[in-house]
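Colleague: Sharing a model that was predicted from the sequence below.
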Amino acid sequence: MKACSLISTSLLLCSTSLPAAAMAATDEAPATRDDITVTAHLLDAPIAAKADIAPLESSQAISVISQEMLEGQGVRRIADALFNVAGVSRSNNYGFFDGFNIRGFNASTGATYLDGLLDDTGYGTSEMTALERVEVVKGPASGLFGQGPISGMVNLVSKRPQDQVFLDVGLAGGSYDFKEITLDANGPLDEAGTLLARLPVVYRDQDFFVHYSGQRRIFLAPSLTWKPDADTSLTLLGRYVDDHINPWSPTTAYGTALPNPNGKLSRRLSINDGEHPAVQNNDYWNLGYVFDHKFSEKIAVHQSLRYQDFHNSWDNWLFITGISADRRTVTRAFYGPYDQHGKYFRVDTNASLRFDTGPLNHYLLIGVDYGRRSAHDTNLYDTSMPYALDLYDPIYGTVSTHNPAVPAMTYAIVSKQRGIYVQDHIKLGELLTMTLGGRWDKAISRTNSNGTASPEVNDNAFSPRAGATLALSDWASLYVNYAKSFNPQGTYRSADGTPLPPERGVNYEGGVKFAKADDSLTGMVTLFELTRTNVATADAVLPNVYVLTGEQRTRGVEAEAAWRPAPGVELTGAFTYLDAIVTADNRLQVGSRLGSIPRYIANGWARYTIQDGALANLGAGFGLHHESSRMASTASAVAGAVAPFSLKGYTLVDGALFYTIDDWSVQANIRNIFNARYFPTASLTRTTPGEPRTFMISLSRRF
């Protein structure tokens, strides 16, 4: 115990924050699922809950996608994984970067976490094969995590060392020259099993479905766990990503989402130059740790810390700026060279205490976190020349560089956040619980543009949260929740040069949760309303100027469930109804639907594995994903503005076949079996085509 105390004291002293608490385990840990669940058991379930609260006593809506489901569906992108979660749809991210909406609002920026700390992939994509699970918090998470979008957050949980020895080796190949090698080595480093190590490695080389585009990735995620006793754990987590990418650009709506008198455009058409393709290099590394220590059954501490260094650059990236009257030729802007180098530090520390006051049982959480991000950017965006391209007879080799007369811009941005949060989970008897909490935040940002420094911006906010649950039985409960969000906009400037105030949001929700003791049925049904104010959009005329566009609201119903009716049968489903509109604005049309948000989203996945006989362990999976029609953009109230157009709904069908024998496994996945032609997001000059039919075959062995 002396050694443990010395370790914990040293770690706390080296941090700039207060001691942080790891959540003590409950007497009866809830069973884990292989599919979507709504639960709140720390480490085995959402780290994003920051607390060890029983599933049916949690008033937050949290969905978990397991490693088994990610692997079974052959998932390589966050957006594909999030199909399984009610309330989530794709956002306008050019189809290449990670991007998604939660409950009708964009969550592509500032909402992706890794192991409980805000992550920064540097305009890249998160690696999915090295994850234990994906956690999705729907609605504001500011009460525990601070600044962020009202929509919610996604937390990626890294694979960590286990106490058994294994080496998993995988090979995969598929459409568009997809090639992948994966390794996952794990084992104890000493006889006592107090020191454990793990190393997932990924090498991937692939083309994308658009001509002259592709990606090569090298990925390593080493981790080391030290467990000197049952009450103490220290895990070092590292990550290295080296991406060399030829990105593709969105196309025009004419000939894709809208008719074109010249005919349909191929989804494979490259807007970038074929002989001088767009090039992006994105590399970053991070190093941190997760420390947990229980002083007793009632007192525990937790600390997570990470330092990250990132470097991102690109050149020769072309984007459509206009189209000719005959809808045949487009003009393009030249984006590049762009170069960004930055550093990111985050630390979150909390302490938990369990105690009673009369008939009330308290689970108190007190924490503090700190974050600092600095980045230096050199950016050139050239619209000085037409850079024309005939969509139906493209001639490449004509655009090799930008106009040298166009100057580059330089930026330096430093942002910091400090927050203190408190949460008390109060239990009265076996039926009623209440969760009360709040967080005080201070966000600071400084910008320097072309050598001219702007005044420092300071934003302060208090984000409350309150919820309650009422047990209906031993496997079902009602819940209600209220929460507010806070998202600084200090780097956005109005026409007079003053910074914009933070975006604010409020969420009301309620519903029913269910979780059978034998784990055969879990899920939830939720009714919610989210309202955000101080919404910032780019000025229609002035560059680098933003305006507050007013208030937007989403209301809806979410339902998701996982059911195992018989051995070898697994069924999951998710359904969403969304009413997302503008409720007050000086530029957008009040009452108009928010762009790119469907009213209805439905997803289903079924999996069957033969249990015995000669074909034991042979199985198949089948999935459906449907999104209804949506507006390409939000209607403008400005006279003469182009009216938005509607995007058709679409249904995707996926399938999988798999077989396991001894230590060998083989799996085939087909996505978009019927090769549906669809466009998740669109504008007249930035339309994102959906991926055509693709297949992947993987072979793996455990040694």
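Modeller: Cool, got the structure.
Colleague: Can you tell me the number of residues neighbouring residue 190?
Modeller: If you count neighbours by other C-beta atoms under 10 Å, residue 190 ends up with 9. To be clear about C-beta, it is placed using only N, CA and C from the backbone, and glycine gets the same treatment.
Colleague: and residue 20, what pLDDT?
Modeller: At residue 20, the model reports a pLDDT of 33.
Colleague: Then residue 113?
Modeller: If you check residue 113, the pLDDT there is 94.
Colleague: what's the pLDDT at the nearest residue to residue 355 once chain neighbours are set aside?
Modeller: Counting by C-beta to C-beta, 6 or more residues apart in numbering, residue 355 lies nearest to residue 362, which is 5.3 Å off, once chain neighbours are set aside. Per-residue pLDDT puts residue 362 at 97.
Colleague: repeat for residue 132
Modeller: You'll see residue 132 listed with a pLDDT of 94.
Colleague: ok, now which ones touch it?
Modeller: Shown in contact with residue 132 (C-beta atoms under 8 Å, 6 or more residues apart in numbering): 67, 157-160.
Colleague: Against residue 157, how distant is it?
Modeller: Remark: distance between residue 132 and residue 157 (C-beta to C-beta, to the nearest Å) = 5 Å.
Colleague: Over to residue 677?
Modeller: Computed with C-beta to C-beta, the distance linking residue 677 and residue 157 is 35 Å.
Colleague: can you confirm the residue nearest to residue 355 is in a strand?
Modeller: Yes - in this structure, residue 362 lies within a strand as judged by DSSP: H, G, I helix; E, B strand; the rest coil.
Colleague: I figured it hits residue 425, correct?
Modeller: Yes - counting by C-beta atoms under 8 Å, residue 362 does reach residue 425; the two are 7.4 Å apart.
Colleague: Can you work out which residues contact both of those two?
Modeller: Counting by C-beta under 8 Å, 6+ apart, residue 362 and residue 425 have no contacts in common.
Colleague: out of the two, which sits in the more crowded spot?
Modeller: Shown here are residue 362 and residue 425; by other C-beta under 10 Å, residue 425 has more neighbours (26 against 13).
Colleague: For the residue lying closest to that one once chain neighbours are set aside, list the residues it contacts.
Modeller: Nearest residue to residue 425 in three dimensions, chain neighbours excluded: residue 363, at 4.1 Å (C-beta to C-beta, 6+ apart). Contacts for residue 363 were tallied using C-beta under 8 Å, 6+ apart; they are 51-53, 352-354, 424-427.
Colleague: What subset of these is buried?
Modeller: Listed as buried from those are 51-53, 352-354, 425-427; burial here means 16 or more other C-beta atoms under 10 Å.
Colleague: In TSV: those, plus distance to residue 108 and pLDDT.
Modeller: Shown next, in TSV, are these (distance: C-beta to C-beta, whole Å; pLDDT from 0 to 100):
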residue	distance to residue 108	pLDDT
51	27	92
52	30	90
53	29	91
352	32	97
353	37	97
354	38	97
425	31	97
426	36	97
427	37	96
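Colleague: Report the secondary structure state of residue 468.
Modeller: Using three-state DSSP, the structure places residue 468 in strand.
Colleague: For residue 380, see how far away the closest residue to it other than its chain neighbours is.
Modeller: Spatially, and ignoring its direct neighbours in sequence, residue 468 is nearest to residue 434 (4.8 Å; C-beta to C-beta, 6+ apart). Look at residue 434 and residue 380: by C-beta to C-beta, they are 55 Å apart.
Colleague: quick one: low-confidence parts of the stretch 101-250 of the chain?
Modeller: Along the stretch 101-250 of the chain, segments meeting pLDDT under 70 span 122.
Colleague: Which stretches in it count as strands?
Modeller: 101-102, 105-106, 112-114, 117-118, 131-138, 152-158, 166-174, 178-188, 195-207, 214-220, 223-229, 232-246 (DSSP state E, counting those that start in this stretch).
Colleague: Repeat that for the stretch 501-650 of the chain.
Modeller: Secondary structure of the stretch 501-650 of the chain (DSSP E, counting those that start in this stretch): strands at 503-515, 521-533, 536-538, 546-548, 551-563, 569-584, 600-609, 618-627, 630-631, 646-647, 650-661.
Colleague: okay, and the helix or strand of the chain with the least pLDDT?
Modeller: helix 2-13 (a mean of 36; mean pLDDT, DSSP states H and E).
Colleague: before we move on, back to that, dump the strands of the stretch 101-250 of the chain into CSV; add distance to residue 607 as well.
Modeller: Below are the strands of the stretch 101-250 of the chain laid out as CSV (distance: least, C-beta to C-beta, whole Å):
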stretch, distance to residue 607
strand 101-102, 25
strand 105-106, 31
strand 112-114, 27
strand 117-118, 33
strand 131-138, 17
strand 152-158, 22
strand 166-174, 19
strand 178-188, 22
strand 195-207, 24
strand 214-220, 27
strand 223-229, 29
strand 232-246, 30
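Colleague: of all those strands, which lies closest to residue 553?
Modeller: Residue 553 lies closest to strand 105-106 among the strands of the stretch 101-250 of the chain, at 9.9 Å (C-beta to C-beta).
Colleague: Run me through the strand neighbours of that closest one, direction for each.
Modeller: If you go by DSSP bridges, strand 105-106 pairs up with strand 101-102 (antiparallel).
Colleague: How about the secondary structure of residue 79?
Modeller: Here residue 79 is recorded as helix under three-state DSSP.
Colleague: before we move on, back to that, taking the buried ones among the contacts of residue 363 one by one, which sit in strands?
Modeller: Residues from these lying in strands, with DSSP state E as the criterion: 352-354, 425-427.
Colleague: Only whichever of the contacts of residue 132 are buried, select them in PyMOL.
Modeller: Entered in PyMOL, the line below selects the buried ones among the contacts of residue 132, by 16+ other C-beta under 10 Å:
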select buried, resi 67+157+158+159+160
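Colleague: For the chain, identify the residue most remote from the centre.
Modeller: Largest separation from the mean C-alpha position in the chain: residue 358, at 42.0 Å (C-alpha atoms, centre = their mean).
Colleague: Provide the backbone phi and psi angles at that residue.
Modeller: phi 60, psi -130 (degrees, to the nearest 10).
Colleague: quick one: pLDDT of it?
Modeller: 93.
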